[in-house]
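A.B. asks: I would like to see how this sequence folds:
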Amino acid sequence: MYKNRKKTISILIISSMAAGMVNNITCFSETIKEKNIVIMSENDYNLRNRANIKKISTLRKLHVERMKQYKIMQIKKACGVSVTASERKILERIVEAEAGGENHKGKVLVANVVLNRVKSKTFPSNVKDVVFSHRGGTYQFSPIMDGRYYTVDVSEDTKSAVSDALRGVDYSNGALYFMERALADSSNVSWFDRSLTRLFRYHCHEFYK
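C.D. replies: A predicted model of the protein is given here:
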């Protein structure tokens, strides 16, 4: 009985199409339920389809948000700091501005200093506020003050160096400061030497805490 009914409906659809009645075809969703065929109108089908698409879109957005949070948690687990996607870009840009001419390790070191400051109670608790910190009328990082931060093109090596720092690679021995003595103002050099503990020198930068 079921087979005969299914065959009859198929013939009706084909004959309607042959007669040029395409615009009047009803949209069928054939479902076997207690050996009966359930026929769904085109309007009901479209409503259900839109609802399903909305559910899929909502689940996709939820998945993306959970992945973002997972990445932030993984970064915090590796380096002890929560870093959002926008803060990562800030970190990449300040590293490029401060150490664009340095090798990979030199760039990792600058990223280490920024992250060490975020972890320190002496400085702001997130990357953005550390990089844009303004104390006593002076920015903590000279590229912010002179505008280099806003004009650099971040290289792939710099991105890689920041990734390494966020994965926990740390050469800094806890450094919270660095300077390039040859380019620093004499009063800043004097303050570094007088007030801080020098840890080591790597290429053109000297690191302190």
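A.B. asks: Give me the below-cutoff pLDDT ranges for the chain.
C.D. replies: 1-42, 45, 55, 59, 61-74, 76-78 (pLDDT under 70).
A.B. asks: for it, what spans make up the strands?
C.D. replies: Assigned by DSSP state E, the strands in the chain fall at 32-33, 36-37, 134-135, 138-139, 177-179, 198-202, 205-208.
A.B. asks: Nearest to residue 164, out of those?
C.D. replies: strand 198-202 (15.0 Å; CB to CB). C-betas here are computed from N, CA, C, even on glycine.
A.B. asks: mind exporting the closest one as PDB, just the C-alpha atoms?
C.D. replies: Listed next in PDB are the C-alpha coordinates belonging to strand 198-202 (Å, rounded to 0.1, in the frame of the first residue of the first chain):
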ATOM      1  CA  ARG A 198      71.200  45.600  35.900                       C
ATOM      2  CA  LEU A 199      70.700  41.900  34.900                       C
ATOM      3  CA  PHE A 200      72.400  41.500  31.500                       C
ATOM      4  CA  ARG A 201      72.900  43.000  28.100                       C
ATOM      5  CA  TYR A 202      71.700  41.400  24.900                       C
END
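A.B. asks: Can you tell me the centre-most residue of the protein?
C.D. replies: residue 85 (3.0 Å; CA atoms, centre = their mean).
A.B. asks: Tell me how far the closest residue to residue 169 other than its chain neighbours lies from residue 43.
C.D. replies: In space, and not counting its chain neighbours, residue 169 is closest to residue 108: 5.7 Å by CB to CB, 6 or more residues apart in numbering. Between residue 108 and residue 43 the computed distance is 61 Å (CB to CB, to the nearest Å).
A.B. asks: next one: residue 107
C.D. replies: Residue 107 is 60 Å from residue 43, where distance means CB to CB.
A.B. asks: and the two? which has more neighbours close in?
C.D. replies: Ranked by neighbour count (other CB atoms under 10 Å), residue 107 and residue 43 place residue 107 first, with 26 against 10.
A.B. asks: Contacts only, for the more buried one.
C.D. replies: 95-96, 99, 157-158, 161-162 (CB atoms under 8 Å, 6 or more residues apart in numbering).
A.B. asks: from these, which single one is nearest residue 151?
C.D. replies: Nearest to residue 151 among these, counting by CB to CB, is residue 96 at 10.1 Å.
A.B. asks: tell me the contacts of the closest one?
C.D. replies: Going by CB under 8 Å, 6+ apart, the list of residues near residue 96 reads 107, 152-155, 158.
A.B. asks: okay, now the domains of the chain?
C.D. replies: Structural domains annotated on the chain: 11-77, 83-208, as defined by the TED database.
A.B. asks: which of those sits most buried?
C.D. replies: Compared across the domains of the chain, domain 83-208 shows the largest average neighbour count, a mean of 17 (mean count of other CB atoms under 10 Å).
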